[in-house]
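[1] Here is my input; please provide its structure:
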Amino acid sequence: MAKIILGLPKGSLQQTTFEMLKKAGWTVSGGSRSYVPRVDDPEIEARLIRAQEISRYVENGHLDAGMTGHDWIVENGSDVVEVAELVYAKSGMNPVRWVLAVPNDSPIQSAQDLQGKRIATEAVGITRRYLMQQGVEAEVEFSWGATEVKAPELVDAIVEITETGSSLRANNLRIVETILTSTTRLIANRAAWEDAFKRRKIEKLALMLQGVLAADRKVLVKLNVEADKLDAVAGLLPAMHAPTVNNLRTEGWYSVESVLDESVVREIIPELKAAGAVDIIELGLNKVVP
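    The predicted model follows:
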């Protein structure tokens, strides 16, 4: 049977990725130590690999496709097809940033102040290219972990990934500049992308995952309303296009439904009730496919 080999990120993105795939329709199972998790689709074989390595294995053909950060594609200089941007991270549905950070009391205020300094980071390539663009010469050393605690005793500055900046603040560090903003990408090997079956499978995966992300923080609101109050109620409902309105079997009554941002529901439902809506239901969504 034809199949694709899909690389999934091991580590901080693993649980979020598995949950997204579940909402998209694929159940991935297997222990955290397993290199080959099970997928309930005979056309997909999964490999659990560090996000830092996935783009290299996709480029060289060991994987047909994979999910990894744009930052690691850049760091590795990988020649791959970026099929879809999937904006999610460990803690939420937001991009992550690689930032230059220094101790709070450091005199360093910009990249220019790094001349002749020492910097620790896991993203050595990204950092060196950044310094080159700034016309700055500095020593960049690879950090095997716990990068935040190395400044100021071991290095003058660090380049570290962050979602919220809380870990940096907890270690008495301040952000000087953002070097790179990154999101998760679904990528494909170029030869696999030219294979008709593999391309269709990867495109299907991309469509469903993007549908999951489009549904994030959105809900479906359904309600009933009498005919003479329909315009007032429908006018309160923002929607992707327009609210859906259907006749009920009871004459003079309508059913109305609309997809809304979850953040506005707490304000709109009381207004809908006041305008004459009844039987109001709020439903969570797994996917929204435009």
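
[2] Residue 52: which element?
    helix 51-59 (DSSP states H and E).

[3] on contacts alone, who are the packing partners of that helix?
    strand 4-10, strand 65-69, helix 70-76, strand 184-188 (3 or more CB pairs under 8 Å, 6 or more residues apart in numbering; DSSP states H and E). Where you see a C-beta, it was placed from the backbone N, CA and C, and this is true even at glycine.

[4] May I see the ones you listed organised as a markdown table, with distance to residue 170 added?
    Shown next, in a markdown table, are the helices and strands packed on helix 51-59 (distance: least, CB to CB, whole Å):
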| stretch | distance to residue 170 |
| --- | --- |
| strand 4-10 | 25 |
| strand 65-69 | 23 |
| helix 70-76 | 22 |
| strand 184-188 | 25 |
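
[5] Sketch out the low-pLDDT regions of the stretch 151-290 of the chain for me.
    Within the stretch 151-290 of the chain, the stretches with pLDDT under 70 are 239-241.

[6] Please give me every residue in contact with the residue most central in space within the chain.
    Among the residues of the chain, the one closest to the centroid is residue 88, at 1.5 Å (CA atoms, centre = their mean). Taking CB atoms under 8 Å, 6 or more residues apart in numbering, we find residue 88 in contact with 16, 20, 94, 183-184, 213.

[7] the strands in the stretch 151-290 of the chain, which residues?
    With DSSP state E, counting those that start in this stretch as the criterion, the stretch 151-290 of the chain has strands at 157-162, 173-182, 184-188, 218-226, 244-247, 253-261, 278-284.

[8] Could you dump those strands into CSV with distance to residue 63 and mean neighbour count added?
    Output for those, formatted as CSV (distance: least, CB to CB, whole Å; neighbours: other CB atoms under 10 Å):
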stretch, distance to residue 63, mean neighbour count
strand 157-162, 23, 24
strand 173-182, 20, 18
strand 184-188, 9, 26
strand 218-226, 32, 18
strand 244-247, 42, 12
strand 253-261, 35, 18
strand 278-284, 33, 12
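
[9] With respect to residue 71, which of those lies nearest?
    Nearest to residue 71 among those is strand 173-182 (3.8 Å), distances taken as CB to CB.

[10] How far does the closest one sit from its chain's centre?
    Chain-centre distance of strand 173-182: 18 Å, with CA atoms, centre = their mean, to the nearest Å.

[11] same check, this time on stretch 59-66
    In this view, stretch 59-66 has its centroid 20 Å away from the chain centroid, taken as CA atoms, centre = their mean.

[12] ok so, going back, among the contacts of residue 88, name the buried ones.
    For those, a burial check counting by 16 or more other CB atoms under 10 Å picks out 16, 20, 183-184, 213.

[13] Now these in a markdown table, please, with extra columns for distance to residue 274.
    Formatted as a markdown table, the buried ones among the contacts of residue 88 follow (distance: CB to CB, whole Å):
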| residue | distance to residue 274 |
| --- | --- |
| 16 | 39 |
| 20 | 37 |
| 183 | 40 |
| 184 | 42 |
| 213 | 33 |
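
[14] Find the one among the helices and strands packed on helix 51-59 with the highest mean neighbour count.
    Among those, strand 65-69 has the highest mean neighbour count (mean count of other CB atoms under 10 Å), at a mean of 27.

[15] quick one on the thing from earlier: nearest to residue 232, of the strands of the stretch 151-290 of the chain?
    So among the strands of the stretch 151-290 of the chain, strand 218-226 is nearest, using CB to CB, at 8.5 Å.

[16] distance between the closest one and the chain's centre?
    Strand 218-226 has its C-alpha centroid displaced from the chain centroid by 29 Å (CA atoms, centre = their mean).

[17] related to what we said a few turns ago, is it possible to get CSV of the strands of the stretch 151-290 of the chain that adds distance to residue 27?
    Formatted as CSV, the strands of the stretch 151-290 of the chain follow (distance: least, CB to CB, whole Å):
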stretch, distance to residue 27
strand 157-162, 29
strand 173-182, 27
strand 184-188, 18
strand 218-226, 23
strand 244-247, 31
strand 253-261, 25
strand 278-284, 19
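
[18] where does the stretch 1-150 of the chain dip in pLDDT?
    In the stretch 1-150 of the chain, residues with pLDDT under 70: 31-33, 89-93.

[19] where along it do the strands fall?
    Counting by DSSP E, counting those that start in this stretch, the strands of the stretch 1-150 of the chain are 4-10, 28-29, 38-39, 44-50, 65-69, 81-86, 96-103, 118-121, 139-142.

[20] Out of those strands, which is the most enclosed?
    Comparing those by mean count of other CB under 10 Å gives strand 65-69 as most buried, with a mean of 27.
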